[in-house]
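**Student:** Need a 3D model of the following:
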Amino acid sequence: MTGSAFLMRSPAHAVLTTRSHAIFAGGPGRPEQVPVADPAAWSLFLRRLAAPVMRNGMDCPAEFGPELAGRLLDGGHLLGGAAPEPLLARRHAAMCAAPAFHLDPPPRQAGHLIVGCTGSVIAGLMPQTLLSLVLSGFQERLDVILTETAQRFLARSLLESYGIRCWADGFERQDGIRVPHVNLAASADLICVLPATADALDRLARSACSDLLSLAVAASAAPVVICPAMNQAMWANPGIQRNVRRLREDGHFVMEPAVLFAAADFGAGARLGYGGHGTLWAGPGVLMQALSAVLDFARGETQGSDGQ
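**Tutor:** Have a look, this model is predicted:
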């Protein structure tokens with residue numbers, strides 16, 4: 001790691017944490033699965049690495065030794081440099097180049113994917129991502145669940161105009177499906193909550209079953225990827241972090257947030273915050289890579305348990 005006096009997380013890659021691992025996805029290489037004892041410590045570590053941090057004296061998780069640091073640098077998941085300015089320039093370049101569409105799926109794809117959109121302003125940026133999932137053929141079947149507040153930012157009619165099947169109510173019936181939270185949950189291979197608000201994190205952590213999305217998550221045995229999106233003060237809130245820890249402990253996958261322009265302070269030259277969902281600047285292609293990595297990870301866990 002010669003010349004890496006400063007480290008920064010790559011904005012063009014995604015990181016997921018679950019109860020026992022951190023999973024790094026992005027770039028041409030295979031995802032990196034890192035066994036970890038304390039995923040919350042890794043989450044805090046990644047939050048600090050949203051900006052360049054000096055390696056000397058940096059408070060690191062126990063597993064972050066020279067060998068792992070070298071692998072993460074070689075894979076492009078972390079960026080290293082002798083000074084912070086080149087790293088900030090690379091972050092700026094990645095943000096300027098953020099792709100809206102991606103048409104090539106990764107090797108592992110999903111059968112039935114459910115995407116749950118909750119009431120974050122970032123829900124308004126979801127059409128390109130959802131269209132990329134369809135146009136790339138990442139999944140054989142896609143269902144989108146829109147919470148009541150998500151529909152303030154994302155028009156259901158727009159998605160349905162492109163043939164994307166949408167749901168908003170637990171009592172809704174279409175295409176022969178009479179009890180959506182049961183039928184959708186039973187056939188799902190993967191559920192992705194993107195974007196996930198603080199309120200959604202609370203409902204999912206409590207298994208509230210108070211809306212169609214929380215019902216479907218509670219009723220499904222499929223792996224669940226949760227992509228939080230909120231400002232940095234909310235993401236650091238102890239109650240929200242308590243819910244996130246519970247979600248990880250329950251076996252869900254949390255996509256660690258990235259830097260974000262806050263909607264309340266939006267404009268040219270606005271200061272960057274931290275809390276956007278973890279593929280905001282990487283685009284739909286890295287989202288697909290992250291979802292594919294979760295499918296591989298979940299399949300490996302299942303095979304391991306079957307063999308015991």
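**Student:** where does the stretch 1-150 of the chain dip in pLDDT?
**Tutor:** Regions of the stretch 1-150 of the chain meeting the criterion pLDDT under 70 cover residues 1-3.
**Student:** in it, which spans are strands?
**Tutor:** Under the criterion DSSP state E, counting those that start in this stretch, the stretch 1-150 of the chain contains strands at 6-9, 14-17, 21-25, 32-35, 53-54, 78-81, 110-117, 139-146.
**Student:** can you give me the helices for the stretch 151-300 of the chain?
**Tutor:** 156-161, 180-187, 198-205, 212-219, 232-235, 238-249, 284-306 (DSSP state H, counting those that start in this stretch).
**Student:** Mean neighbour count, these: which tops it?
**Tutor:** Of all the helices of the stretch 151-300 of the chain, helix 212-219 carries the top mean neighbour count, a mean of 23, counting by mean count of other Cβ atoms under 10 Å. For glycine as for every other residue, the C-beta is placed from the backbone atoms N, C-alpha and C.
**Student:** Packing partners of it?
**Tutor:** Contact partners of helix 212-219 among helices and strands, from 3 or more Cβ pairs under 8 Å, 6 or more residues apart in numbering; DSSP states H and E: strand 110-117, strand 139-146, helix 180-187, strand 190-196, helix 198-205.
**Student:** Same list, those, but as JSON lines with distance to residue 162 please.
**Tutor:** Formatted as JSON lines, those follow (distance: least, Cβ to Cβ, whole Å):
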{"stretch": "strand 110-117", "distance to residue 162": "14"}
{"stretch": "strand 139-146", "distance to residue 162": "11"}
{"stretch": "helix 180-187", "distance to residue 162": "19"}
{"stretch": "strand 190-196", "distance to residue 162": "17"}
{"stretch": "helix 198-205", "distance to residue 162": "24"}
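**Student:** out of those, nearest to residue 33?
**Tutor:** Between residue 33 and the helices and strands packed on helix 212-219, the tightest spacing by Cβ to Cβ is seen for strand 190-196, at 17.0 Å.
**Student:** Buried residues, the closest one. List them.
**Tutor:** Neighbour counts over strand 190-196 (16 or more other Cβ atoms under 10 Å) mark 190, 191, 192, 193, 194, 195, 196 as buried.
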